[in-house]
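Visitor: Curious how this folds, go ahead:
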Amino acid sequence: MTRNTLKADLIEMFKTEKEKLKSMLLESPGMLCLTSDLWSSINTDGFLAITVYFIDKEWVLQKRVLAFSHMLPPHSGVALNAKVFSILEEWGLEKKIFCITLDNALSNDRFVQLLRDQLDTKSPLVSKGRFFHMRCCAHIVNLIVQDGLKEIDQAVVKVRESIKYVKGSKSQVRKQKFLDCIKLLSLSSTRGLRQDCPTRWNSTFLMLDSAIYYRKAFAHLEISDSNYTSCPSATEWDTIEKICVFLAVFYDVNSIFSGTKYPTANLYYPHIFMVYFTLHDSMSSKDEYMRRMGASMMDKFKKYWSDFSLTLAIAVVFDPRYKLHFIEWSYNKIYGADNCQYSDVELLLSTTFDEYVLYFGNASSTTSNHASTSSSKAGEETSNDTRRLFGVRAKLLVSCDLLCQP
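Guide: This is a model prediction of the structure:
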C-alpha cells in the first residue's frame, strides 16, 4: 500500500466518522455543552481544543472532541470567537448550544460575550444566555487554594527542595542515606515521596501529604548529612500538617469535579457549600496563619460564588438527594434567615421552567395541523396546568423530605 492510498483511506474514514457524529449530535434530543481550551506546543505553536458533552437518544452521557485545530496568534477574544463560531457552523451546531465552560483567562470574557451575541441571533439562548458562560470549577478551586498557599510559601519551598535533594540527585548516595534513615526509624519505604508541579496545587497537596509521613526521616537526615540544609523546622512541620488537613477538603472537591464518566453540575453546589464552611471556620481559627489564609481564600471565593450559586443551584433542585429545601437551608446558613437571595433562585427556576414549557410546546405545535388560535389557548392552558402540577410536586417533595429527616 502506497502512502497516497493510505492517506486517502484515512481521510475517507475521517469523513465517514465525522458524518456519523454530526448526525448523532443533531439527533440528540437536548442541547449541547462545550468546553474549550488553548494549548501551546514546545515550539510555541497554539492549538485550540473543543469538546462537546450531550445526552444521546438512549439517555447516556456522551463526550466527543469536535476540533483540535491550529490557532494562529493573536489569541484575543475576537480571534477566539471567529475560530470557535466557524467550527460550530462547520458542524451545523450553532442553534443547539446551551453553555460553554472555560477557564478564567481575561481573553475568554470578551470571547464569551461575542459568541453569546452571535449564537443568540441564530437561536435565542436559554434564559437570555444567563447560563451560557460557565467558569471551570476545578480552575476556580485552584485559584482559591493557590492564594492560600502563599501564606506558607516558605515551608512549601523547603519541602519541595527536600524532596528534590533526596530524589533529584543522579548520585545514589543521598537516596541511600535517606533510605537508611527510614530503616532506622522503622518507617515503610514503599509509600514514597511525590514531587509536585508548582502550578498545580493538588500535586503540591500530595507532595506535602507524602512528606509528612517521613518527617522524622528528614530530621534525622539533617543530622547525618551536613549538605542537607532545607529541612523544615518543627513549627513548619506542624503548620504543614494542619494545612494538609485543611486542604484535604479541597482536594476531594477537585477530584469530584474532575470526573468525566458522570454529570458534575449537580455536585457543584453541595461541595462548594462545604468549602464555604471550611473557609468560614478557618477564619476563626486560633492560629494566625490559618486566619490569614482563610481570609485570603474567602476573598477569592466570594469573587466567583455569586456567578455559580444561582445558576448551579437549579441542578441541585433536580437531584432527588437535595431538591429545593437544601437550597433554602444553605442560603439561610450563608445569608441569614431573612435573606432575599433565595427568592432569586425560585424566580430563576420558575422562569426557566416556563421557557422550556413554551419551547417544547411550540416545537410540538409546529408538527400539528390545528388552528393557531385553538392551539395557543390549549398551549396556555397546558402551561398553566403544568406549572400548577410542578408547584404541587415541589411542595410534596419538600414535605416528604422534611418528614423523613431524623
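Visitor: buried residues in whichever strand or helix holds residue 12?
Guide: With elements taken from DSSP states H and E, the one containing residue 12 is helix 3-27. Residues of helix 3-27 classed as buried by neighbour count (16 or more other C-beta atoms under 10 Å): 21, 25. Yep, even glycine has a C-beta here, placed from its N, CA and C like the rest.
Visitor: So what touches whatever helix or strand comes next after that helix?
Guide: Scanning forward in sequence from helix 3-27 by DSSP H and E, the next helix or strand is strand 32-40. Residues from elsewhere that reach strand 32-40 (C-beta atoms under 8 Å, 6 or more residues apart in numbering): 25, 46-54, 66, 71, 75, 80, 84, 93, 96-103, 105, 136.
Visitor: helices or strands up against the host helix or strand of residue 350?
Guide: Assigned by DSSP H and E, residue 350 belongs to helix 341-365. When contacts are defined as 3 or more C-beta pairs under 8 Å, 6 or more residues apart in numbering; DSSP states H and E, helix 341-365 packs onto helix 288-311, helix 313-317, helix 323-335, helix 372-404.
Visitor: Return the alpha-carbon coordinates of the shortest one using CSV.
Guide: Yep, that's helix 313-317 we're talking about. Only the C-alpha atoms of helix 313-317 are listed here, as CSV (Å, rounded to 0.1, in the frame of the first residue of the first chain):
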residue,chain,number,x,y,z
ALA,A,313,-28.5,25.8,42.3
ILE,A,314,-31.0,24.6,39.7
ALA,A,315,-29.1,21.4,39.0
VAL,A,316,-29.3,20.6,42.8
VAL,A,317,-33.1,21.0,42.7
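Visitor: Show me how the protein divides into domains.
Guide: For the chain, automatic domain parsing gives the domain ranges 19-135, 144-254, 312-406.
Visitor: Now find how far off-centre the second one is within its chain.
Guide: Spelled out, it's domain 144-254. In this view, domain 144-254 has its centroid 28 Å away from the chain centroid, taken as C-alpha atoms, centre = their mean, to the nearest Å.
Visitor: wait, is residue 206 part of a helix?
Guide: Yes. Under DSSP: H, G, I helix; E, B strand; the rest coil, residue 206 falls within a helix.
Visitor: Touching, it and residue 196? I think so.
Guide: Yes. Using C-beta atoms under 8 Å, residue 206 is in contact with residue 196, at 7.0 Å.
Visitor: Please say which of the two ends up with more neighbours.
Guide: Each of residue 206 and residue 196 has its neighbours counted (other C-beta atoms under 10 Å); residue 196 has more, 20 against 17.
Visitor: related to what we said a few turns ago, and the domains of the chain, which one's lowest on average pLDDT?
Guide: Mean pLDDT per stretch puts domain 312-406 lowest among these, at a mean of 66.
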